[in-house]
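Participant: how does the following fold in three dimensions:
(chains A and B)
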Amino acid sequence: MAGPLGISLAPYIRSSTTLSKIFTPIAKWYAGGSLYRQYGLLYDDLLIEENREVQRALSRLTPRQAYDRAFRIKRASQADVLHAPLARELWTKPEEDVRYLLPHVVDVVNENKERETWDTLTVKRK
Amino acid sequence: MLASRTRASVRLARRSFATVVDNAGVKVAAIDSNRSTVSITVLAKAGARYQPKPGVAHALKNFAFKGTADRSALGTVRESELYGGVLSSTLSREHLALTAEFLHGDEAFFVNVLSSVIASTKYTRHEYEELVLPAMESEINALNADPAAHAIELAHSIAFRSGLGASLFATPHTPVTARDVEQFATAAFAKGNFAILGTGISQAALSSLVQSAVSSASAPPTTSATTYYGGETRVAAHSGPQTIFIGYGTSGSPAAELAALAAHLDPNPSIKWARSSSPLLQDGKTSVHSVCMPYSDAALVGLLIQGPTAQAVREAGKAAVAALKGASDVKAENLKLAVAKAKFRLASTVDSRDGLLEVLGSKVLAGSSETSVEASLSSLDKITTAGFNKAATSLLKGKVTYIAVGDTQALPYADELGL
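Facilitator: Numbering: from 1, shown residues only, chains lettered A, B, ... in the order given. Modelled structure (predicted):
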């Protein structure tokens, strides 16, 4: 399954102390190496948004979050047109790279799952 | 055998809360009448008059039964559908009531629903925007499409200004946020600010069920004492009948005489389809409701007149003013009729479940030991002609509350009706 909530080993790695010790520096190095931070984006700006769950999650952002997201995407597009990353002081700092959208997507997916459960419920008499 | 059965049902059909038990700060009262359904109501002193910001109470009413720590909004609805229960929330100027009605045997589930609603509703921003605001908007639209309800809303705001004058409805594009609602809810469901009332369930059973009900320890919301001002306002409305409201208010605990006065002013015949010769009804061209709204520290009494044309309403309005002025000089036999009518109205209100909660719920919340309707009925019986005329005179001495909703060009002004 492709998309924002595709198959991921991250929860398993996070649950194990040894594995997370090994993988955290690698993950940090990888995120720093992928260019999105140099274009001023956050990781959640890259989530595939062409599906209903993410569209619903996007509608739940605060006006401020939605504005900032649109601004970052426009700025990154412009930088891409110019074929150059932003100036170094405009790069996203690792501590700014928060998952602002993912919790909403998880909520929406869980709500849909719950609705499906209730819709297909078999009622048994006790 | 039939006779003994009838007697048994008469004995069981109670209309008073037998006792009020203080269950760890939460007042619990129940009537075990012989009904096939049970209702449990959480009645909080959190009506529109207690709201810190206009529209918060309306938002809280619509936020009832949304996502809690135990189950989501959808889960609450679907699960209570499986049990066949009905969940509802009602807002009045003084109280917010969350009610669950269900069959015998499902008490544990619905008590759990109600207690999780008051203790752990999440008040999330997205639920507010996706579920609560559209519901509020449709209620506001319904209000604006109903000139009678609109006139009563306006009458309260003109008569009492702040406090009781606060509208039951938010304004469109309300500035209220989910955070405001959460803060108000914490205050509304504070210890001692709400009571749990049951019908069709025994006191002991209800008490043991609500042991687990949690209440927050924050300070309850406050309101100011009510003063009656009165005044006149006119609002244009393009659909619906032409509407005027002529009323007077008092501050202070409402007297029994006011209920009798409203019954006396009511021109509608007691027999269905009968024609009344009252000039207020203009040969059936207008409809008139006599309004008596008693609150804990004020009351609003008046006549709501509706008709298809402004001319008919004007004529009926003149007759209404004459009837109001005549009310301070009532003969003993007319008073007898009015008292009988008022008594019947009160008793028949209390026979319905909603009416019972409305009339007796506030008494339970106030911690009054008298939680039966008999006291109100006997106070109606004690009305004397002199007392009635005195009460009417002092009421009519105040400034009139006059509301016109409809064609403001044609509807009469208060002074044109002789007020």
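Participant: what is the neighbour count of residue 89?
Facilitator: Let's take chain A. Close neighbours of residue A:89, defined as other CB atoms under 10 Å in any protein chain shown, add up to 6. Backbone N, C-alpha and C define where each C-beta goes, glycine included.
Participant: please refer instead to chain B.
Facilitator: 17.
Participant: buried set for the strand or helix carrying it?
Facilitator: When secondary structure is defined using DSSP states H and E, the element that contains residue B:89 is strand B:86-91. Of the residues in strand B:86-91, those buried by neighbour count under the rule 16 or more other CB atoms under 10 Å in any protein chain shown are B:87, B:89, B:90, B:91.
Participant: so in that sheet, which strands flank it, and in what orientation?
Facilitator: When sheet partners are counted by DSSP bridges, strand B:86-91 sits next to strand B:96-103 (antiparallel).
Participant: output the contacting helices and strands for whichever helix or strand comes after the partner strand.
Facilitator: Moving toward the C-terminus from strand B:96-103, the next helix or strand (DSSP H and E) is helix B:107-120. Judged by 3 or more CB pairs under 8 Å, 6 or more residues apart in numbering or on different chains; DSSP states H and E, the packing partners of helix B:107-120 are strand B:37-44, helix B:73-83, strand B:96-103, helix B:203-209.
Participant: quick one, helix B:107-120 and strand B:86-91 angle?
Facilitator: Going by axes from the mean of the first three to the mean of the last three CA atoms, to 10 degrees, helix B:107-120 is angled at 40 degrees with respect to strand B:86-91.
Participant: quick one: contacts of helix B:107-120?
Facilitator: Outside of helix B:107-120, the residues within contact range by CB atoms under 8 Å, 6 or more residues apart in numbering or on different chains are B:38, B:40, B:42, B:44, B:64-65, B:68-71, B:76, B:79-80, B:83, B:85, B:87, B:98, B:100, B:102, B:189, B:194, B:196, B:201, B:205-206, B:209-210, B:212-216.
Participant: now do stretch B:359-372: everything it contacts.
Facilitator: Contact partners of stretch B:359-372, identified using CB under 8 Å, 6+ apart, comprise B:15-17, B:20, B:27, B:29, B:41, B:43, B:45, B:94-95, B:97, B:194-195, B:197, B:296, B:346, B:349-350, B:373, B:376.
Participant: can I get the buried part of those as one ChimeraX selection?
Facilitator: Applying 16+ other CB under 10 Å to the contacts of stretch B:359-372, the buried members can be selected in ChimeraX as follows:
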select /B:15,16,17,20,27,29,41,43,45,94,95,97,194,195,197,296,346,350,373,376
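Participant: strands - which of the contacts of stretch B:359-372 land there?
Facilitator: Where the contacts of stretch B:359-372 overlap with strands, as defined by DSSP state E, the overlap consists of B:20, B:27, B:29, B:41, B:43, B:97, B:194, B:195, B:197.
Participant: what residues does the fourth one make contact with?
Facilitator: Taking CB under 8 Å, 6+ apart as the criterion, residue B:41 is in contact with B:97, B:98, B:99, B:100, B:196, B:197, B:198, B:357, B:361.
Participant: OK, contacts around the second one?
Facilitator: Listed by CB under 8 Å, 6+ apart, the contact partners of residue B:98 are B:41, B:42, B:44, B:64, B:65, B:87, B:88, B:89, B:114, B:117, B:118.
Participant: doesn't residue B:89 make contact with the fourth one?
Facilitator: Meaning residue B:64. Yes. The pair residue B:64 / residue B:89 is scored as a contact, 3.9 Å apart, by CB atoms under 8 Å.
Participant: ok, the closest residue to chain A within the stretch 251-400 of chain B - how many residues close by?
Facilitator: For the stretch 251-400 of chain B, the residue closest to chain A is residue B:353, as judged by CB to the nearest CB, at 28.0 Å. Burial of residue B:353 is recorded as 18 neighbouring residues (other CB under 10 Å).
Participant: what sits against residue A:80?
Facilitator: Residues counted as contacts of residue A:80 (CB under 8 Å, 6+ apart) are residue A:39.
Participant: off-centre distance for the helix or strand that contains it?
Facilitator: In the assignment (DSSP H and E), residue A:80 maps to helix A:63-81. How far helix A:63-81 lies from its chain's middle: 15 Å, per CA atoms, centre = their mean, to the nearest Å.
Participant: what's next to the very next helix or strand once past that helix, contact-wise?
Facilitator: From helix A:63-81 onward toward the C-terminus, using DSSP H and E, the following helix or strand is helix A:102-119. With contact meaning CB under 8 Å, 6+ apart, helix A:102-119 is reached by A:4-5, A:44, A:47, A:53-54, A:56-58, A:60-61, B:72, B:74-75, B:78, B:126.
Participant: ok, back up a step: buried set for the helix holding residue A:80?
Facilitator: By neighbour count, and taking 16+ other CB under 10 Å as the criterion, the buried residues in helix A:63-81 are A:69, A:72, A:76, A:79.
Participant: and these near chain B, which?
Facilitator: Restricting the buried residues of helix A:63-81 to those touching chain B (CB under 8 Å from any CB of the partner chain) yields no residues.
Participant: now those in TSV, with pLDDT and distance to residue B:339?
Facilitator: Formatted as TSV, the entries for the buried residues of helix A:63-81 read as follows, by pLDDT from 0 to 100; distance: CB to CB, whole Å:
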residue	pLDDT	distance to residue B:339
A:69	97	68
A:72	97	74
A:76	96	79
A:79	96	84
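Participant: for the contacts of helix A:102-119, which ChimeraX command selects only the ones that are buried?
Facilitator: The buried subset of those, as determined by 16+ other CB under 10 Å, is captured in ChimeraX by this line:
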select /A:4,5,44,47,53,54,56,57,58,60,61 /B:72,74,75,78,126
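Participant: quick one: which of the contacts of helix A:102-119 sit in helices?
Facilitator: Among the contacts of helix A:102-119, the subset assigned to helices under DSSP state H consists of A:53, A:54, A:56, A:57, A:58, B:74, B:75, B:78, B:126.
Participant: and of those residues, the nearest to residue B:238?
Facilitator: Residue B:238 has its nearest neighbour among those in residue B:126, at 35.6 Å by CB to CB.
Participant: pick out the residue nearest the middle of the chain.
Facilitator: Defaulting to chain A. residue A:44 (3.1 Å; CA atoms, centre = their mean).
Participant: nope, chain B
Facilitator: Closest residue to the average C-alpha location of chain B: residue B:92 at 5.0 Å, with CA atoms, centre = their mean.
Participant: what is the burial count for the residue nearest to that one when sequence neighbours are not counted?
Facilitator: Closest residue to residue B:92 apart from its sequence neighbours, by CB to CB, 6 or more residues apart in numbering or on different chains: residue B:47 at 5.2 Å. In terms of burial, residue B:47 registers 24 neighbours under the definition other CB under 10 Å.
Participant: residues of chain A that sit close to chain B?
Facilitator: Contacts of chain A with chain B, taken as CB under 8 Å from any CB, map to A:59, A:60, A:62, A:104, A:107, A:111, A:114, A:115, A:118, A:121, A:123.
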